[in-house]
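Peer 1: no FASTA, just this:
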């Protein structure tokens, strides 16, 4: 029997699996510490570096099964989730942005169309795909970082979700091109126009699209819900979908990056209500909360 197979059986006999080990590691060690260990494994020599390479190689192979939350039972390809990934622990625990998970459950129905703008590894796209159903529901995942786009395709395939379409473009206020910083942890990749990221590995040019042009031109059906997580570019996304908001009134779930006032003002321009997903205070007065939902007039959900 191969050594890695013997290790797998030994862990299983003690009630351990890959998800549990990842959860424990990320709980015990901080994100910066895990990043440092990964650097040692990649660049170091000697017994410690070799042991770390062995550990990372075994853990970052195969699948991670989300244990709880609205994504319970989803499986994710660990080839796209290094242990040092910002979301590894939350995925292994099932509690990734729980307020966003609940917002999707509250505001989606079978047959809905969802836009996941800045879809990262695709976790929320997969959750949405299950909620809207494969028969008529559709999820369009916008993700310009190449590895992330590949991860979404792979994870949708693993979960047999054929109603997820990946669009490898950045969403903005204008169609054209832009430069995106590809960060070593691709969950933090961001358009160059919104500030430099210190861990950028390379910069590439990507296509930019606007939601208004895609919808008005018939390329995509109008959305019932739009989720936005674009590392500071959220106001540009909203600028490029003003007509879609006015005509189709989608629910908008947004992660804010010091754009609390701008998001509130943009929603008010469309007569939307804004609900803080992480606390009782208005989002504009709560800089420690980072997720909000914009609700069209007369929407019964809150």
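Peer 2: Thanks, I have the structure now. Quick caveat: nothing in here was measured; it's all calculated off a predicted structure.

Peer 1: per the record, what domains does this structure have?
Peer 2: Using automatic domain parsing, the domain parsing of the chain gives 3-93, 98-171+210-295.

Peer 1: Format the ones you listed as JSON lines; extra columns: mean pLDDT, mean neighbour count and distance to residue 199.
Peer 2: Heads up, the C-betas are built off the backbone N, CA and C, glycines and all. Shown next, in JSON lines, are these (pLDDT from 0 to 100; neighbours: other C-beta atoms under 10 Å; distance: least, C-beta to C-beta, whole Å):
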{"stretch": "domain 3-93", "mean pLDDT": "79", "mean neighbour count": "16", "distance to residue 199": "9"}
{"stretch": "domain 98-171+210-295", "mean pLDDT": "97", "mean neighbour count": "20", "distance to residue 199": "13"}
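
Peer 1: Out of those domains, flag the one nearest residue 184.
Peer 2: For these, proximity to residue 184 was assessed by C-beta to C-beta; domain 3-93 is nearest, at 8.1 Å.

Peer 1: what does the longest strand along the chain rub up against?
Peer 2: When the chain is parsed with DSSP state E, its longest strand is strand 200-209. Under the contact criterion C-beta atoms under 8 Å, 6 or more residues apart in numbering, strand 200-209 has outside partners 142, 144, 146, 167-172, 174-184, 192, 240.

Peer 1: mind listing the strands for the stretch 201-302 of the chain?
Peer 2: 225-228, 251-255, 273-276, 291-295 (DSSP state E, counting those that start in this stretch).

Peer 1: Just list what the third one packs against, helices and strands only.
Peer 2: By that I understand strand 273-276. Contacts defined by 3 or more C-beta pairs under 8 Å, 6 or more residues apart in numbering; DSSP states H and E place strand 273-276 against helix 260-269, strand 291-295.

Peer 1: Each with direction, which strands does it pair with?
Peer 2: Next to strand 273-276 in the sheet, as set by DSSP bridges, lie strand 291-295 (antiparallel).

Peer 1: same check, this time on the second one
Peer 2: According to DSSP bridges, strand 251-255 has the following sheet partners: strand 225-228 (parallel), strand 291-295 (antiparallel).

Peer 1: could I get the strands of the stretch 201-302 of the chain as JSON lines with distance to residue 213?
Peer 2: What follows is these, written out as JSON lines (distance: least, C-beta to C-beta, whole Å):
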{"stretch": "strand 225-228", "distance to residue 213": "15"}
{"stretch": "strand 251-255", "distance to residue 213": "18"}
{"stretch": "strand 273-276", "distance to residue 213": "26"}
{"stretch": "strand 291-295", "distance to residue 213": "21"}
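
Peer 1: Okay, and the nearest residue to residue 239 once chain neighbours are set aside sits in which element?
Peer 2: Using C-beta to C-beta, 6 or more residues apart in numbering and skipping residues adjacent in sequence, the residue nearest residue 239 is residue 173, 3.9 Å away. For residue 173, there is no host helix or strand (DSSP states H and E).

Peer 1: which stretches of the stretch 51-200 of the chain form strands?
Peer 2: 63-65, 75-77, 113-117, 138-142, 164-167, 170-171, 176-183, 190-191, 200-209.

Peer 1: will you turn the ones you listed into TSV that also has distance to residue 258?
Peer 2: Converted to TSV, the strands of the stretch 51-200 of the chain look like this (distance: least, C-beta to C-beta, whole Å):
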stretch	distance to residue 258
strand 63-65	31
strand 75-77	29
strand 113-117	18
strand 138-142	22
strand 164-167	26
strand 170-171	19
strand 176-183	18
strand 190-191	13
strand 200-209	19
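
Peer 1: among those strands, which is nearest residue 254?
Peer 2: Closest among the strands of the stretch 51-200 of the chain, once you apply C-beta to C-beta, is strand 113-117, at 9.2 Å.

Peer 1: Show me what that closest one is packed up against.
Peer 2: For strand 113-117, the elements it packs on are helix 123-132, strand 138-142, strand 225-228, judged by 3+ C-beta pairs under 8 Å, 6+ apart.

Peer 1: what does it rub up against?
Peer 2: Residues contacting strand 113-117 (C-beta under 8 Å, 6+ apart): 108, 122, 124-125, 128-129, 132, 137-142, 171, 211, 220-230, 237, 250.

Peer 1: and if we set it to 6 Å?
Peer 2: By C-beta atoms under 6 Å, 6 or more residues apart in numbering, the residues outside strand 113-117 that reach it are 124-125, 128, 138-142, 171, 221, 223-228, 237.

Peer 1: How about stretch 259-269?
Peer 2: Residues outside stretch 259-269 that contact it (C-beta under 6 Å, 6+ apart) are 234-235, 238, 254, 256, 274, 283-284, 294.
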